[in-house]
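K.L.:
Just to be clear, the model below is a prediction. Sequence and coordinates:
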Amino acid sequence: MFRDADLSPARHVAAVSIFDEPFDHPTAMRHPDHRLVYPYEVRTTGKASRWHVGGLWRDPVFGIESLVYEVVPETGGDTIWADLQAAYDDLSEPFQALVGSVSAIYDGNADHYAQGATRDGVTTTTEHPLVLTHPRTGRTGLFLSTGAIGLTGVTASEGEALLRYLTVHASAPQYQVRYSWRVGDFVLWDNQATWHYAVDDYGDAPRAYRKVIAAAPSAS
């Protein structure tokens, strides 16, 4: 988290490039000054006010996500991240074995994840395990999003109960960090070790930011 960084679109991309290769999103709206920067204004693109991981339509998901804020509400509009690896560590061994044997199913249409997209039904899906071994650190963690359609290997009712429990567990306060934005702030995070939530407590106030993503080549 970098206060008052005031990065231009080009410098935003350069900063992410220190950590990984910026991702050329196939469907997202692009910034006029740089094709690898994606602008969001919540009044038109909608709010991300639920726990989620970015890029679930692809395998692997995004490695890094980052934001630079341009408009901040007068009050509210914080973002919360939660540590999915610490949440996994605190599960009992039998429960770790259970979730390690199950995968989650998500909408696999990249068009549905662009700014302001209207989801008109799931026509293709992608599958991700509920437990991920981080490709760079080798550390194990939970890996889930509230956008999961269902789980494999268990009944629908079992899957619903399991997702409900994991959502509550992995978003518990002891795993969280909360950030209050200022205009010009730059924040970058590991999308394969955390999930995040944009707090919707600012009504119709404006909120705008730029996003740059990094991702490894698709496994498919």
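P.N.:
The structure has been received and is ready for your questions. Here the structure is a predicted model, which is why all the values come from computation and not from measurement.
K.L.:
need the helix or strand of this structure with the lowest average pLDDT.
P.N.:
When each helix and strand of the chain is scored by mean pLDDT, DSSP states H and E, helix 42-45 comes last, with a mean of 85.
K.L.:
Leu67 and Phe186 touch, don't they?
P.N.:
Yes. Under the criterion of Cβ atoms under 8 Å, Leu67 is in contact with Phe186, at a separation of 7.4 Å. Heads up, the C-betas are built off the backbone N, CA and C, glycines and all.
K.L.:
so what pLDDT did the residue of the chain most remote from its centre get?
P.N.:
Note on the chain: the largest separation between a C-alpha and the mean C-alpha position, by Cα atoms, centre = their mean, falls on Pro94 (27.6 Å). What the model reports for Pro94 is a pLDDT of 97.
K.L.:
Enumerate every residue touching it.
P.N.:
Contacts for Pro94 (Cβ atoms under 8 Å, 6 or more residues apart in numbering) come out as none.
K.L.:
backbone phi and psi for it, please?
P.N.:
The phi/psi pair for Pro94 (degrees, to the nearest 10) reads phi -60, psi -40.
K.L.:
same check, this time on Arg11
P.N.:
Per degrees, to the nearest 10, the residue geometry at Arg11, taken as phi and psi, is phi -70, psi -30.
K.L.:
which one's the longest helix in the protein?
P.N.:
Once the chain is assigned using DSSP state H, the helix that runs over the most residues is helix 156-170.
K.L.:
Show me what that one is in contact with.
P.N.:
Helix 156-170 is touched from outside by 51, 82, 84, 87, 90-91, 98-99, 102, 104, 130, 142, 144, 146, 148, 150-151, 154, 195, with contacts defined as Cβ under 8 Å, 6+ apart.
K.L.:
Just to be sure, which of those residues are found in strands?
P.N.:
Counting by DSSP state E, those place Ala82, Ala104, Leu142, Gly150, Leu151, Trp195 in strands.
K.L.:
Next, find the distance separating Asp24 from Pro32.
P.N.:
Going from Asp24 to Pro32 by Cβ to Cβ, to the nearest Å gives 16 Å.
K.L.:
Between those two, which is the more surrounded one?
P.N.:
Neighbours per residue, other Cβ atoms under 10 Å: of Asp24 and Pro32, the larger number sits with Asp24, 11 against 8.
K.L.:
Just give the nearest non-adjacent residue to that one, would you?
P.N.:
Take Asp24 and drop its neighbours on the chain: the residue closest to it by Cβ to Cβ, 6 or more residues apart in numbering is Leu36, 6.3 Å away.
K.L.:
now the one you found: how far from Glu127?
P.N.:
With the distance defined as Cβ to Cβ, Leu36 ends up 28 Å from Glu127.
K.L.:
out of those two, which sits in the more crowded spot?
P.N.:
The neighbour count for Leu36 versus Glu127, taken as other Cβ under 10 Å, is higher for Leu36 (22 against 14).
K.L.:
Helices of the chain, start to end?
P.N.:
With DSSP H, the ranges of helices along the chain come out as 9-17, 42-45, 84-89, 93-99, 156-170.
K.L.:
could those go into TSV alongside distance to Ser180?
P.N.:
Output for the helices of the chain, formatted as TSV (distance: least, Cβ to Cβ, whole Å):
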stretch	distance to Ser180
helix 9-17	20
helix 42-45	16
helix 84-89	22
helix 93-99	33
helix 156-170	22
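K.L.:
got any ranges where this structure has weak pLDDT?
P.N.:
Across the chain, the stretches falling below the confidence threshold (pLDDT under 70) are 219-220.
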